[in-house]
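Enquirer: predicted model, plus sequence, below.
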Amino acid sequence: MTATAAKIIWLLFMAGYVALRVGPRLNARKTPVRQSARNAREPVLMASALTGLGIVPLIYVATGWPRSADYPFLAAQGYLGSVLCVFVLWLFYRTHRDLGRNWSVSLDVRERHTLITTGVYTLVRHPMYTAFLLMGIVQLLMLPNWIAGPAGLVAFGVLFFGRVRCEEEMMIGAFGDEYRAYMRRTTRIIPWIY
């Protein structure tokens, strides 16, 4: 495994991620929004995620900039990152499939929204954020650059900590005690830990 091969795998991974998001985005638009918790921070949080998990690493892969921040690539990073790519794509797929038309890119509750507590939602309340965290780790492993590599984890942190509390308050507002009980028996993004 070389650094170039890892970059190609990362590009294929990102193409798979984008492809997985198209269908759910189109399906979600068919179900009207009943309640939204979007606020003025939402565009900033989304732009941060796009920048750290998309734009910065893509610039690095396409141009090599900033080369001065490169560090030696280890083949083991690439192999581990490749395995993680497959798991992350599966997790995104399962999350979208389990949510169905309940899914939204923003903080929305849709008409006929149901509380999903099965599938990948059995152990964690926010498996999509779990996937974004792992996506940031993939980026760190596959892109040997002190700026492009960790940019995904920084973006994840900004998005997650900027949104999760608001998202959970929205779900409590929509589902009340049922969601509170779900919160007591699950963790946010890492099974049995957090």
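Expert: Perfect, thanks for sending it.
Enquirer: secondary structure element holding the one residue sitting closest to the centre of the chain?
Expert: By CA atoms, centre = their mean, the chain has its centre lying nearest to residue 132, at 2.5 Å. Residue 132 belongs to helix 127-142 when assigned by DSSP states H and E.
Enquirer: quick one: distance of the next helix or strand after that helix to the chain centre.
Expert: Downstream of helix 127-142, the next assigned helix or strand under DSSP H and E is helix 148-175. Relative to its chain's centre, helix 148-175 lies at 9 Å (CA atoms, centre = their mean, to the nearest Å).
Enquirer: give me the contacts around the helix or strand following helix 148-175.
Expert: Remark: after helix 148-175, the chain's next helix or strand is helix 177-185, criterion DSSP H and E. For helix 177-185, the surrounding residues in contact (CB atoms under 8 Å, 6 or more residues apart in numbering) are 115, 117, 125, 168, 171-172, 175. Every C-beta, even on glycine, is put in place using the N, C-alpha and C of the backbone.
Enquirer: residue 84 versus residue 136, what's the distance?
Expert: 11 Å (CB to CB, to the nearest Å).
Enquirer: neighbour count for the two, which is higher?
Expert: Shown here are residue 136 and residue 84; by other CB atoms under 10 Å, residue 136 has more neighbours (26 against 17).
Enquirer: how about the nearest residue to that one, chain neighbours excluded?
Expert: Take residue 136 and drop its neighbours on the chain: the residue closest to it by CB to CB, 6 or more residues apart in numbering is residue 152, 3.5 Å away.
Enquirer: surely that neighbour touches residue 55?
Expert: No. Using CB atoms under 8 Å, residue 152 is not in contact with residue 55, being 10.9 Å away.
Enquirer: which parts of the helix holding residue 132 are buried?
Expert: Using 16 or more other CB atoms under 10 Å as the test for burial, helix 127-142 gives 127-142.
Enquirer: from those, pick the one nearest residue 104.
Expert: Minimum distance to residue 104 across the buried residues of helix 127-142 is 10.5 Å, recorded for residue 128 (CB to CB).
Enquirer: contacts only, for that closest one.
Expert: 92, 95.
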